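In: Sequence plus the predicted model coming up.
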Amino acid sequence: MTFLPNSLEARDVAYYFHPATNARKHEEVGPLVIESGHGVYVRDDQGKDYIEGLAGLWSVAVGFGEKRLTDAAAKQMGQLPYYHSFGGKSHPQAIALAERLLKMAGGRLAKTQFTSSGSEANDFVIKLVWYFNNALGRPKKKTIVARQKAYHGVSIASGSLTGLPNFHRDFDLPRPFVRHLTTPHYWRNGVPGESEEAFVARLGAEFEALIATEGAETIAALIGEPLMGAGGVIPPPAGYWPTMQAICRRHDILVIADEVITGFGRTGEMFGSHKYGIDPDIMVVSKALTSSYFPLSAVMISDAVYQPVADNSATIGTFAHGFTASGHPVGTAVAMENLDIIEEKDLVGRAKALAPRFQKRLAEFVSHPLVGEARGEGLIGGLELVSDKTTKAPFETPGAVGARILDLCQAEGLIIRAIGDLIAFCPPLIITEAEIDEMFARFGRALKVV
C-alpha cells in the first residue's frame, strides 16, 4: 500500500514498532488510526465510525468519552499530579481505593498494593509468593501452576505463566518455575463419551498427579482467570473451580484469581470469583478498574499471606519491591470515579440483564457451517471457527479465516478480536440492546462474505 507523504499512516509505519503485530505485514497495510470515541463507538482519522466490540482490549467498561473520568483526572492533576508510595508515603486516593477494592472483593482479602498493568501485577505476584514462602522457611515451594491457553501477561515472569505458544516462541519462555495444566475447555478437550462432570474429575486428577510427582512442598500456587479471556473466551465447566480450589486447600497451595478481564461486571457479577465460587488468597485486577483511561492495576492479598511477608520485611528492614507509579494519584482518582459510575449506573446488573440477549445473538451463528461453538458468559463471548463442524478440525492455515473476518468486520464498521480462528466479543458494559443487535448484524454481514 502507498501512504500519503507525512500522513499519520506513513509516519506510523516509519516510526512506530507495534506490540502484538506482524511487523512486516504492518509495513505493507499500515495502521487503523483511531482519533476519538464516544459510548460504544470509536472514529478513525478518515471520519468512519466503528462499534468497538472488544471495549478496546477487554477494558473500557463505561464507554469512550466519559467526561466524568476526564474531569476526575484533570482535578487530580491540578491538586496532586504525582506522588509515590515508597517509604511509607501515601495520598488520599490510593488509601480510598485500596479500602474500596477490598470491601468489594470480600472473602479473605485484606491488603492492596498497586501496579500499572496486568503483566506488572502478575510479575509482582510471583515475587510475592516466593518471598512469602521464603519467609515461612519453605525455600522449595516456588512452582506456580497455570493452564494451557491462559493469559497472564507478557513480561518474562508473567509471560511464563501465559500458556499461549506465540507469547513464548523465540522469547526463551516459559521459565522453569511454571507448570501448565490442560485447558478446562470441555467442547475442545473432552473425550468422546465423557460427561462434563467426568471431564472436571479428570482435570482434577491431572492436578493431583502433578502434585504427587513434584511434591506438594514444591508447589506454591495455582493461578487462573475465572473465565479464560485472551486464550479463547473459555468459561469453566461446571464444578471446575470448586474442584481445583479444594485440591489447593488440601495441599497448602495458594489460589490466585486473575480478574484482569473478568473484574468489575463482565460476567454479570462484580468479580468472576463471585460468579464461579472462588475464594482466592490473591486477586489481581486491572483494565476495567479505570476503564483503561489510566494505566493501573491492583493486587489484593489475604491476611494469611500478608502477615509473614510483613514480618520478613521487618527482619530485612524493607519490602524491597515497588514501581515509580505504584498507586499513582491520577490513576487511583480515575479508578474511584470509574467505580462510582459502575455502581451508580448498575453496570454489573446491566451486564447480567443483557446477557441473555447477547448470548442468544451469539449462539445464532452456530448454524453457520464455519462456526463450531458459541460460548461466553455475561457480556463476553466467542465463536470458534472450524473447517469441519463434526470433527472440530481446524483450518489448514490456522488464523487465516479469523484474520479475514477481522478485516471484513472493520469494513462493516465493527472492531472485534481474532484470536487465531476464535472471534471474541467484549463490548463496553454501557452497550444497549439495539447496539448489541447492530453489532451482531455487522458481524453477520462480514461472515456472509466468508
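Out: Received it, and whenever you're ready, just let me know what you need.

In: Phi first, then psi, for the residue positioned nearest the centre of the chain.
Out: Centroid check for the chain by CA atoms, centre = their mean gives residue 261 as the closest residue, at 3.2 Å. Main-chain dihedrals, residue 261, degrees, to the nearest 10: phi -100, psi -40.

In: now swap in residue 283 and tell me
Out: Given degrees, to the nearest 10, the pair of backbone angles that residue 283 has is phi -130, psi 140.

In: got the contact list for stretch 232-244?
Out: By CB atoms under 8 Å, 6 or more residues apart in numbering, the residues outside stretch 232-244 that reach it are 149, 183-186, 196-197, 199-201, 203-204, 207, 222, 224, 226-228, 276-278, 375-377, 380-382, 384, 419-420, 422, 424, 426. In short, each C-beta sits where N, CA and C put it, glycine included.

In: Secondary structure element holding residue 24?
Out: helix 23-29 (DSSP states H and E).

In: Tell me which residues of the following helix or strand past that helix come out buried.
Out: Once the chain leaves helix 23-29, the next helix or strand it forms, by DSSP H and E, is strand 34-38. For strand 34-38, a neighbour-count test (16 or more other CB atoms under 10 Å) marks 34, 37 as buried.

In: So what's the gap between stretch 183-192 and the chain middle?
Out: Stretch 183-192 sits 22 Å away from the centroid of its parent chain (CA atoms, centre = their mean, to the nearest Å).

In: about what we covered before: return a PyMOL selection command for the buried portion of the contacts of stretch 232-244.
Out: Only the buried entries of the contacts of stretch 232-244 go into this PyMOL selection, using 16+ other CB under 10 Å:
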select buried, resi 149+183+184+185+186+199+200+203+204+207+222+224+226+227+228+276+278+375+376+377+380+381+382+384+419+420+422+424+426
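
In: Let me know the pLDDT of residue 2.
Out: In this model, residue 2 is scored at 86, pLDDT.

In: tell me, how many neighbours does it end up with?
Out: 7 (other CB atoms under 10 Å).

In: What of residue 281?
Out: 24.

In: low pLDDT regions in this structure?
Out: Filtered on pLDDT under 70, the chain yields no residues whatsoever.

In: ok, residue 141 - contacts?
Out: 133, 217, 218, 219, 220.

In: quick revisit: OK, contacts around the residue nearest to the centre of the chain?
Out: Contacts of residue 261 (CB under 8 Å, 6+ apart): 58, 59, 225, 227, 229, 230, 287, 380, 426.

In: what residues are up against residue 50?
Out: 41, 42, 43, 44, 410, 413, 414, 415.

In: Grab the CA positions of the helix holding residue 24 and hand them over as PDB.
Out: The C-alpha trace of helix 23-29 is given here as PDB (Å, rounded to 0.1, in the frame of the first residue of the first chain):
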ATOM      1  CA  ALA A  23       5.700  -6.100  11.800                       C
ATOM      2  CA  ARG A  24       6.300  -6.900   8.100                       C
ATOM      3  CA  LYS A  25       2.600  -7.100   7.300                       C
ATOM      4  CA  HIS A  26       2.100  -3.800   9.100                       C
ATOM      5  CA  GLU A  27       4.700  -2.100   6.900                       C
ATOM      6  CA  GLU A  28       2.500  -3.100   3.900                       C
ATOM      7  CA  VAL A  29      -1.000  -2.400   5.200                       C
END
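
In: Tell me how far it lies from the chain's centre.
Out: On CA atoms, centre = their mean, the centre of helix 23-29 falls 27 Å from the chain's centre.

In: Tell me which of the contacts of residue 50 fall in helices.
Out: If you go by DSSP state H, these have residue 410 in helices.

In: closest to residue 153 among the contacts of residue 50?
Out: residue 415 (22.8 Å; CB to CB).

In: burial count for the closest one?
Out: Residue 415 has 22 nearby residues by other CB under 10 Å.

In: bridging residues for it?
Out: residue 52 (DSSP bridges).

In: And it, how close does it get to residue 404?
Out: 15 Å (CB to CB, to the nearest Å).

In: which residues sit in contact with the nearest residue to residue 348 once chain neighbours are set aside?
Out: Leaving aside its sequence neighbours, residue 348 sits nearest to residue 265 (CB to CB, 6 or more residues apart in numbering; 3.8 Å). Residue 265 makes contacts with 61, 288, 342, 347, 348, 350, 351, 378, 429, as judged by CB under 8 Å, 6+ apart.

In: hang on, isn't the third one packed against residue 349?
Out: The reference is to residue 342. No. Residue 342 lies out of contact with residue 349 (CB atoms under 8 Å); the separation is 10.1 Å.

In: Out of the contacts of residue 50, which end up buried?
Out: Judged by 16+ other CB under 10 Å, buried ones among the contacts of residue 50: 41, 42, 44, 410, 413, 414, 415.

In: From the residues you listed, pick the one nearest residue 294.
Out: Nearest to residue 294 out of the buried ones among the contacts of residue 50 is residue 42 (CB to CB; 18.0 Å).

In: Name the residues linked to residue 41 by a beta bridge.
Out: residue 38, residue 51.

In: what comes up buried for stretch 118-134?
Out: Quick answer for stretch 118-134 (16+ other CB under 10 Å): 118-126, 128-133.

In: Kindly export that stretch (C-alpha atoms) in CSV.
Out: Output in CSV follows, covering the C-alpha atoms of stretch 118-134 (Å, rounded to 0.1, in the frame of the first residue of the first chain):
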residue,chain,number,x,y,z
GLY,A,118,-1.8,-6.8,34.5
SER,A,119,1.6,-8.0,33.5
GLU,A,120,3.3,-6.0,36.2
ALA,A,121,0.7,-7.2,38.7
ASN,A,122,1.3,-10.9,37.9
ASP,A,123,5.0,-10.4,37.9
PHE,A,124,4.7,-8.9,41.4
VAL,A,125,2.5,-11.8,42.5
ILE,A,126,5.2,-14.3,41.5
LYS,A,127,7.8,-12.4,43.5
LEU,A,128,5.4,-12.1,46.4
VAL,A,129,4.6,-15.8,46.5
TRP,A,130,8.4,-16.6,46.5
TYR,A,131,9.0,-14.0,49.3
PHE,A,132,6.1,-15.4,51.3
ASN,A,133,7.4,-19.0,51.2
ASN,A,134,11.0,-17.9,52.0
